[in-house]
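S.K.: Make a model of this:
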Amino acid sequence: MKKIYSFIKTGLILSVAALSFAACSEDFMDEINRDLSVSTNCDAKFIIPDLELRTAQNIIGGDFNTYFGSYVEYWAGTHNQLFKAEKRDAEVRVASTYNNNWATIYENIRNGKLIVAKCADDAEGTDAGDAGARGVGEILLAYNLAVATDVFGDTPYTQVGDAATYPYPEADTQESIYKEVFNSDEERFGGKGVRNEALIRSDKEGFWELPCSAKLTLPAMSTLYFRYHITKPRGKKD
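M.R.: I've put the predicted structure just below:
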């Protein structure tokens, strides 16, 4: 009986030892478990439709449009969320009001930057030098950035898209984002590079029944945005 027990024990030990030597490495198991149907890279032309759809559905036609229309009295809220917005209740200040839009616009900024980077002249891959796709990416990126900074103020931009280096991206100042967004006639957008370099100052010459007006250079077929700049009255000290 003892001999049988010793034989069984020896056999089990040898089996475990053999299995340990025959076991697959961790890297090999990771390769086996990798889902080959999940893409790790995507051409810019396939990213653009998703970015266009998310911009149209969630940013142009999403909660921003719904609530802002109520805040400026474009329509009146009579039920539930819009009624609370009409009363300036919790909807104005709770994070859940715009959490879905924030997640979407953040992803749109990331995808816009990705399209522009993939289509750069010095990029690697099949999208390098694709000016058409890059132009679409630049426009959609500019629009989403404009909405983000108008709604949220300081917004992450520079560090967006590099989660390995910046898992918690810092917010860029609103002023720096405005400079990035609204130079719409730059050469990189396909424009002529016509800009208003100097600070635009208004004077008291009326225009269209408004008390003041300002003169500026308007590039052909372009849209200009200006950020209000507060100047200190002459003779006043801090």
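
S.K.: List the buried residues for stretch 160-176?
M.R.: Under the neighbour-count criterion of 16 or more other C-beta atoms under 10 Å, stretch 160-176 has 160, 161, 169, 172, 174 buried. (C-beta placed from N, C-alpha, C; glycine too.)

S.K.: repeat for stretch 124-142
M.R.: Taking 16+ other C-beta under 10 Å as the basis for neighbour counts, the residues of stretch 124-142 that come out buried are 127, 130, 133, 134, 135, 136, 137, 138, 140, 141, 142.

S.K.: quick revisit: which one of the buried residues of stretch 160-176 is nearest to residue 30?
M.R.: Checking these against residue 30 with C-beta to C-beta, the nearest one is residue 161 at 25.3 Å.

S.K.: among the buried residues of stretch 160-176, which are in strands?
M.R.: residue 172 (DSSP state E).

S.K.: Looking at the buried residues of stretch 160-176, which two lie furthest apart in space?
M.R.: The most distant members of these, if one measures by C-beta to C-beta, are 161 and 174, lying 19.7 Å apart.

S.K.: Turn the buried residues of stretch 160-176 into CSV, including distance to residue 105 and pLDDT.
M.R.: CSV is the format used below for the buried residues of stretch 160-176 (distance: C-beta to C-beta, whole Å; pLDDT from 0 to 100):
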residue, distance to residue 105, pLDDT
160, 11, 92
161, 14, 88
169, 14, 92
172, 14, 89
174, 15, 80
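
S.K.: Closest one of the buried residues of stretch 160-176 to residue 43?
M.R.: Set against residue 43, the nearest of the buried residues of stretch 160-176 by C-beta to C-beta is residue 161 (16.9 Å).

S.K.: what sits against that closest one?
M.R.: Contacts here follow C-beta atoms under 8 Å, 6 or more residues apart in numbering; on that basis residue 161 touches 109, 110, 113, 114.

S.K.: Most neighbours out of those residues, which is it?
M.R.: residue 109 (22 neighbours; other C-beta atoms under 10 Å).

S.K.: give me the element that residue is part of.
M.R.: Assigning secondary structure by DSSP states H and E places residue 109 in helix 99-118.

S.K.: and after that helix, which helix or strand comes next?
M.R.: Per DSSP H and E, the first helix or strand lying C-terminal to helix 99-118 is helix 131-152.

S.K.: can you state the direction angle for that following helix and helix 99-118?
M.R.: Using axes from the mean of the first three to the mean of the last three C-alpha atoms, to 10 degrees, the interaxial angle of helix 131-152 with respect to helix 99-118 works out to 150 degrees.

S.K.: need the next SSE after helix 131-152, C-terminal direction.
M.R.: strand 155-156.

S.K.: That following strand pairs with which strands?
M.R.: For strand 155-156, the pairing partners within the sheet under DSSP bridges are strand 171-172 (antiparallel).

S.K.: Can you get me a residue count around residue 102?
M.R.: Each residue near residue 102 was counted by other C-beta under 10 Å, and the total is 16.

S.K.: Chain neighbours aside, what residue packs nearest to it?
M.R.: Using C-beta to C-beta, 6 or more residues apart in numbering and skipping residues adjacent in sequence, the residue nearest residue 102 is residue 152, 7.3 Å away.

S.K.: Wait, the one you found touches residue 101, no?
M.R.: No. Counting by C-beta atoms under 8 Å, no contact exists between residue 152 and residue 101, whose distance comes to 9.7 Å.

S.K.: With neighbour numbers in mind, choose between these two.
M.R.: residue 101 (21 against 16).
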